[in-house]
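In: Here you go, sequence then predicted model.
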Amino acid sequence: MFKKVLIANRGEIALRVILACREMGIRTVAVYSEADESSLHVRFADEDVCIGPPRASDSYLNVPAIISAAEITGADAIHPGYGFLSESAYLAEVCEACHIKFIGPSPQVIRLMGDKARARRAMKKAGVPVLPGSEGTLESEDEALAIAADIGYPVLIKATAGGGGRGMRVVRSAPEMSRAYRTASREAEAAFGVPDVYVEKYLENPRHIEFQILGDHFGNVVHLGERECSIQRRHQKLIEESPSPALSEKVRKKLGAVVVQAAREVQYANAGTFEFLMDGSGKFYFMEANTRLQVEHGVTEFVTGVDIVKEQLRVAAGQRLSFKQGDIRFQGHALECRVNAEDPDTFVPSPGTITAFSLPGGPGVRVDTAMHGEAVVTPYYDSMIAKVMAYGRDRDEAIARMTRALEMMVVEGIKTSIPMHLRILADPDFRAGRMSTGFMERFLAPPKADTLAASA
C-alpha cells in the first residue's frame, strides 16, 4: 500500500480522500492555491504545498507544480479527485514517467473514453447501445447536415472532449446547423483546447441514468448499481439518487452486465461511470464515460456499503477488488443535493464570507463539505459548498430526511441554493419519481396566465 498520497484537488473532495487515507494509515499531502491557504483540506493533511496563485490554470491545473510537490514531499501516488486534472491523460502519463502512481485508469483508457466520438465507437463495438450519429469527429458542416438528414432532427452537436454542457448545441432544423456547428466548435476549443465536435440524435427530455463501476488490474469488474441524475440545470446536476425510481431489478441486472462487459473489453481499472440516456419507451443509449470519481459517489456508498475511495486506493496499489459482484447488496435509498453558493432564484454566484455555519445531523444524514464559520467562498472555483446526502429505508424516508436536513442547515453571510432544493423536494412530480432532464425547465417556468387567474 502507498505510504503517502498527494491530493491534486481542493475543498470537500480533497477532504474526502484525506478521510479514506487516514483510515488506511496513509499519510497525505495537500496542494493549495494562495486563495485556499486557510482551507480545511490544508489543515487536515499531514503536509501541504502551495502550488500557485488563485487562478486554476496557475495552480490546480499546473501539472509541473503538482508533480514537483509530489517529488518534494516524497509522495508515491497522486489522487486527482474530480474536476481539474482528474481526467487528464497527460497527468497520468507524467506520473508514470516520474514513477508516481496515478490513482485512476491508465492514460490509454482516459484518452479513449475522454474522446466521446472514439468512446461511442468503442461502446458500439462492445455491444452497448448508442444513439444514431456520426462515427467519429465531423470534418465539416456539410457532413453534419448529411448525417442529420439521415437520422432526423433534432440532433445534438457535441464536443468530443470535456463535458459540463460546454460545446453542445441542439439543432432542430437544417438552417440552424451552420451557426450551431461553429458555436459548439468555438466553445469546445475555448473550454478544452480542442475544437472537434460530432453529431448524434437528440432525445427530448430523457432520463439521465449512470452506472458506477470498479475494476482492478486482474480483469475483475463490478457495477455498484445506478444513479438517477435527471434533475439538472444547463447540464449541471443538482440532485442525484440511487436507485433510480425508473429501473426494475431486471433492467438493473441486464444493463449492469452490459456495462461490466464493456469495461472489461477496454481493460478498465479503478473507478468509473458509464452514463446513459433513457427515452420514454425505456430504451437506453450510451452517452459518455467519466474516468474518475463522481461528485455523487456518496449516494452509491450509502446503498451498497462500499467505500469507493478506499477501493480506488487498493486497486491503484495493485490489489484485487475486495468483493465480487455477488457480494453487493443494494439496500434502501439515498439522495444527494448539491448546495451551491448562489442566489436560489437567479442562480447568480454568491461569493463572500460565511458568518454562520451549522451542519445537520441525525439518522441517515451525511454532509461532505470543506466550509466552516468564517470560511471565504472565493469567486475562482466551482460554487458548490456542500453535498448533503440522506439515506432511508425507501425513497419516501430518504426525501423526508433530506428535507429535514436542509431545513436545519444554517449558512449565513452568502446566499445558497437550499431554498430551491426544498421546493424541488416538495414538487409532486419529483415525489412521484416523474422526472427527466427537462424537469428544471418546467419547474422554473413562470406560471401561465390561466394559472395565475385561477389562483387570484
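Out: Yes, it's here.
In: and the chain, what are its domains?
Out: Following the assignment in automatic domain parsing, the chain carries domains at 4-103, 132-201, 207-444.
In: closest one to Asp115 among the ones you listed?
Out: Closest to Asp115 of these is domain 132-201 (Cβ to Cβ; 5.1 Å). (Each C-beta comes from the backbone N, C-alpha and C, glycine too.)
In: picking that back up, mean pLDDT lowest for which of the domains of the chain?
Out: Among these, domain 132-201 carries the lowest mean pLDDT, a mean of 90.
In: Figure out the length between the terminal residues of that one.
Out: 6 Å (Cα to Cα, to the nearest Å).
In: before we move on, the earlier item: how about the domains of the chain in TSV, adding distance to Lys116?
Out: Shown next, in TSV, are the domains of the chain (distance: least, Cβ to Cβ, whole Å):
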stretch	distance to Lys116
domain 4-103	12
domain 132-201	5
domain 207-444	5
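In: Could you confirm Glu240 falls within a strand?
Out: Yes. Counting by DSSP: H, G, I helix; E, B strand; the rest coil, Glu240 is found in a strand.
In: quick one: contacts for the closest residue in space to it that isn't next to it in sequence?
Out: In space, Glu240 comes closest to Glu296 once its chain neighbours are excluded; the distance is 3.9 Å by Cβ to Cβ, 6 or more residues apart in numbering. By Cβ atoms under 8 Å, 6 or more residues apart in numbering, Glu296 lies in contact with 227, 229, 237, 240, 336, 387.
In: Could you tell me how many residues sit around the fourth one?
Out: The tally of other residues near Glu240 (other Cβ atoms under 10 Å) stands at 28.
In: helix or strand for Gln212, which one?
Out: strand 207-215 (DSSP states H and E).
In: same question, His223
Out: Here His223 is assigned to strand 221-233, by DSSP H and E.
In: That strand pairs with which strands, parallel or anti?
Out: Next to strand 221-233 in the sheet, as set by DSSP bridges, lie strand 207-215 (antiparallel), strand 236-242 (antiparallel).
In: Can I get these in a markdown table including distance to Lys124?
Out: Formatted as a markdown table, those follow (distance: least, Cβ to Cβ, whole Å):
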| stretch | distance to Lys124 |
| --- | --- |
| strand 207-215 | 17 |
| strand 236-242 | 26 |
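In: Which elements pack onto the host helix or strand of Ile78?
Out: For Ile78, the element it lies in under DSSP H and E is strand 77-79. With contacts taken as 3 or more Cβ pairs under 8 Å, 6 or more residues apart in numbering; DSSP states H and E, strand 77-79 sits against strand 4-7, strand 101-102, helix 308-316.
In: Deepest in the core, which of the ones you listed is it.
Out: Across those, averaging neighbours per residue (mean count of other Cβ atoms under 10 Å) puts strand 4-7 on top, at a mean of 26.
In: Residues contacting stretch 37-51 from elsewhere in the structure, which ones?
Out: With Cβ under 8 Å, 6+ apart, stretch 37-51 has contacts from 4, 7, 10-11, 14-15, 18, 27-34, 36, 59-60, 62, 65-66, 69, 72-73, 370-372, 375-376.
In: which residues touch the residue most central in space within the chain?
Out: Centroid-nearest residue in the chain, with Cα atoms, centre = their mean: Gln294, separated by 4.0 Å. Counting by Cβ under 8 Å, 6+ apart, Gln294 touches 82, 210, 212, 227, 273.
In: Selection in PyMOL covering whichever of the residues you listed are buried, please.
Out: To isolate the buried members of the contacts of Gln294 in PyMOL, using 16 or more other Cβ atoms under 10 Å:
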select buried, resi 82+210+212+227+273
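In: which one of the contacts of Gln294 is nearest Ser383?
Out: Among the contacts of Gln294, and counting by Cβ to Cβ, the member closest to Ser383 is Tyr82, at 15.1 Å.
In: list the contacts for that closest one?
Out: 9, 13, 292-295.
In: Strands of the stretch 301-450 of the chain, residue ranges please.
Out: 333-340, 352-353, 356-358, 365-369, 376-377, 384-392, 410-412 (DSSP state E, counting those that start in this stretch).
In: Note down every partner strand of the first one and its orientation.
Out: It refers to strand 333-340. According to DSSP bridges, strand 333-340 forms sheet pairs with strand 236-242 (antiparallel), strand 384-392 (antiparallel).
In: What of the second one?
Out: Strand partners for strand 352-353, identified by DSSP bridges, are recorded as strand 376-377 (antiparallel).
In: Contacts for the strand it pairs with, please.
Out: 38, 341, 350-354, 371, 383, 385, 414.
In: Repeat the analysis, applying 10 Å as the threshold.
Out: 35-36, 38-39, 340-342, 349-354, 371, 383-385, 411, 413-414, 416 (Cβ atoms under 10 Å, 6 or more residues apart in numbering).
In: Out of those, which end up buried?
Out: Buried among those by 16+ other Cβ under 10 Å: 35-36, 39, 340-342, 349-350, 354, 371, 383-385, 411, 413-414, 416.
In: And for the residue nearest to Pro419 when sequence neighbours are not counted, the neighbour number?
Out: With sequence-adjacent residues excluded and distances taken as Cβ to Cβ, 6+ apart, Pro419 is closest to Pro344, at 4.3 Å. A count of nearby residues for Pro344, using other Cβ under 10 Å, gives 16.
In: Is it correct that Gly165 is in contact with His235?
Out: Yes. Contact criterion Cβ atoms under 10 Å: Gly165 and His235 qualify, at 2.9 Å.
In: Output the strands of the stretch 301-450 of the chain as a markdown table; include the columns distance to Lys125.
Out: What follows is those, written out as a markdown table (distance: least, Cβ to Cβ, whole Å):
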| stretch | distance to Lys125 |
| --- | --- |
| strand 333-340 | 33 |
| strand 352-353 | 50 |
| strand 356-358 | 50 |
| strand 365-369 | 37 |
| strand 376-377 | 45 |
| strand 384-392 | 36 |
| strand 410-412 | 48 |
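In: looking at the ones you listed, which is buried most?
Out: The most buried one of those (mean count of other Cβ under 10 Å) is strand 333-340, showing a mean of 26.
In: Sticking with Leu156, tell me its helix or strand.
Out: Applying DSSP H and E as the criterion places Leu156 in strand 155-159.
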